[in-house]
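My questions are about this predicted structure, shown below with the sequence.
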Amino acid sequence: MSQRAQEIQGILRALVSNTPDVEGAAVVSADGLVVASVLPAGTDEDRVSAMAAALLSLGERSAGELQRGTLEQVYVKGASGYIILMQAGAECVLEVIAGGAAKLGMVLLDSKRAAQDLARNL
Amino acid sequence: MQRAGEEPVAAGKLIVVGPGEAGKSTLIARLSADAVNLAVNGRTVAMDHGLVRHGALTISLVGVPGQARFAPVREALAQRAAGAIWVHPEGEVPDPHTAALLCPGGGPPLPYVVYVNQRSGSGDGTGFAPPEGLAPPRRLIHGSLVERQANLAALLDAAAELLGAPGAPREEEVIG
Ligand SMILES: Nc1nc2c(ncn2[C@@H]2O[C@H](COP(=O)(O)OP(=O)(O)O)[C@@H](O)[C@H]2O)c(=O)[nH]1
Ligand SMILES: [Mg+2]
């Protein structure tokens, strides 16, 4: 693994282990290919990455259509938890999954910091 | 929701399917003046959408991302579709991912029409043979989305038939 790849992986690992209830994180290219991931066992990262790219694209278009400005986050809440997507650098997306008991404010804050760190490495 | 002054949308949804680079997005843009294409670097990553009027019918065209990894997106977009337009690049083997999409788990297969896209240089006269297990298309139409668009009218008629509109066979089309 290159040093850059190790740093990216390290940022994701730190996010997952330091933020309570964050269960996984991945960096995905805007066209839906996985760059790095720390996801729960059994997750199909190719499918997840493709869906992240689709969601981000729909989010960008919706924000534009409804005059909400540049897209900052896509947020999905299911009965068992959250999926959060945000831009990490010009070409990539950070995807974070968290359990239902997560403190959303903290997850968002830590994710934003991670996205900034990632942007410097991507 | 319907806004004042707009006509009611008596619509049916058709999905536009086929392998990556077949011409799905191009087809929807040709048929619908204000089509939306959600793409990155020219490749569809989410969907295409366009509304097309055909007589009294409004057809809602939903284009899928063709690359293999977008399978879950395709499955989501295919839900509640009344039929499909399969864009097939002439000379290629019918795409197995597309065939699978037309046979959703357990349910009856979606009725479909095929548009054989004969781009310049690829025209070797090869048609389309449905993969094993899939019923033949309701209609097979040859054309080109860039070089020979005349057959788009025939395609629209065939698509409308999938939604129950009476069809009028045309000279240019080959019925499969
Ligand atoms: N020459 C030629 N190019 C075509 C034709 N149909 C599509 N293309 C081109 O092929 C590329 C892929 O088309 P696109 O509609 O994005 O394919 P999709 O992946 O199925 O949505 C684009 O650059 C189109 O302009 C055609 O009939 N003739
Ligand atoms: Mg496309």
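All right, it came through fine. Ligands and ions are numbered 1, 2, ... in the order given.

excluding its backbone neighbours, what's nearest B:Thr26?
Leaving aside its sequence neighbours, B:Thr26 sits nearest to B:Leu145 (Cβ to Cβ, 6 or more residues apart in numbering or on different chains; 4.6 Å). To be clear about C-beta, it is placed using only N, CA and C from the backbone, and glycine gets the same treatment.

any idea whether A:Asp110 is helix, strand or coil?
Three-state call for A:Asp110 (DSSP: H, G, I helix; E, B strand; the rest coil): helix.

Can you get me a residue count around it?
For A:Asp110, the count of nearby residues is 19 (other Cβ atoms under 10 Å in any protein chain shown).

So it sits against A:Asn18, correct?
Yes - the criterion here is Cβ atoms under 8 Å, and A:Asp110 meets it with A:Asn18 at 7.0 Å.

The residue nearest to B:Thr26 and B:Ile28 touch, don't they?
No - if you go by Cβ under 8 Å, B:Leu145 and B:Ile28 don't touch, sitting 10.0 Å apart.

out of these two, which sits in the busier spot?
The neighbour comparison of B:Leu145 against B:Ile28 (other Cβ under 10 Å) goes to B:Ile28, with 25 against 22.

which bits of chain B sit near ligand 1?
Residues of chain B lying close to ligand 1 by Cβ under 6 Å from any ligand atom are B:18, B:20-26, B:44, B:66, B:87, B:117, B:119-120, B:144-147.

Show me just the buried residues among those.
Among these, the ones that count as buried by 16 or more other Cβ atoms under 10 Å in any protein chain shown are B:18, B:21-26, B:44, B:66, B:87, B:117, B:119, B:144-145.

Identify the residue nearest B:Gly83 in space, chain neighbours excluded?
Per Cβ to Cβ, 6+ apart, closest to B:Gly83 is B:Leu162, 3.3 Å.

what's near enough to touch the one you found?
For B:Leu162, the contacting residues are B:12, B:14, B:82-84, B:111-113, B:138, by Cβ atoms under 8 Å, 6 or more residues apart in numbering or on different chains.

swap in B:Pro130?
So B:Pro130 contacts B:94, B:99, B:136-137 (Cβ under 8 Å, 6+ apart).

Between those, which sits nearest chain A?
Sorting the contacts of B:Pro130 by how near they are to chain A, with Cβ to the nearest Cβ, puts B:Ala99 at the top with 19.3 Å.
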